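**Student:** using only what follows, build the 3D model:
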Amino acid sequence: NIRILQQRAACLEKRLGPEDKNTIMALSELAALLQVSGRIEEAQPLVRHVLSHEQAPPQTTKCDSGNFSKRLERMTSQLDVAEAEMRLRRVHSGCQQIFGPKHSYTFTALVDLAMLLRATG
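**Tutor:** Numbers count the residues shown, from 1 in each chain. Alright, predicted model coming up:
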């Protein structure tokens, strides 16, 4: 839930400070969820902050790609094929804009889109 992650990030920032690695991780998770939800404009400043932060762990992206794929699956599982395809295309496009074409989120969104298209003919 986006609201819960927003509250968690705000609490960590207040308690530990904006530079703490736990705060950065919470912001990273929030940015990913916002992006998956199609709220790209809200995710962009968070992504920039996380990526520019020198304490942001380099393996964060790698570890989060599995969770990202699960979130995409949950997001599309209750939709009809056309709606799921549209959302996955939008997520892939947003990932390219925010993270760049070589980022694991971008690749994950593309793979999930390809799997959907393959499964539906």
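
**Student:** hey, let's count contacts and neighbours off CA atoms from now on
**Tutor:** Will do.

**Student:** any idea of the mean pLDDT in the helix or strand harbouring Asn67?
**Tutor:** Using DSSP states H and E, Asn67 sits in helix 60-77. For helix 60-77, mean pLDDT rounds to 64.

**Student:** and the very next helix or strand once past that helix, what does it pack onto?
**Tutor:** Going down the chain from helix 60-77, the next helix or strand is helix 81-99, by DSSP H and E. Packing contacts for helix 81-99, counted by 3 or more CA pairs under 8 Å, 6 or more residues apart in numbering; DSSP states H and E, involve helix 21-36, helix 40-52, helix 60-77, helix 104-119.

**Student:** contacts for the shortest one?
**Tutor:** Counting by CA atoms under 8 Å, 6 or more residues apart in numbering, the neighbours of helix 40-52 from elsewhere in the structure are 24-25, 27-28, 30-32, 34-35, 56, 94, 98-99.

**Student:** now the angle from it to helix 81-99?
**Tutor:** On the basis of axes from the mean of the first three to the mean of the last three CA atoms, to 10 degrees, helix 40-52 is oriented at 40 degrees to helix 81-99.

**Student:** helix 40-52: which residues count as buried?
**Tutor:** Buried residues in helix 40-52, counted by 16 or more other CA atoms under 10 Å: Ile40, Ala43, Gln44, Leu46, Val47, His49, Val50, Leu51.
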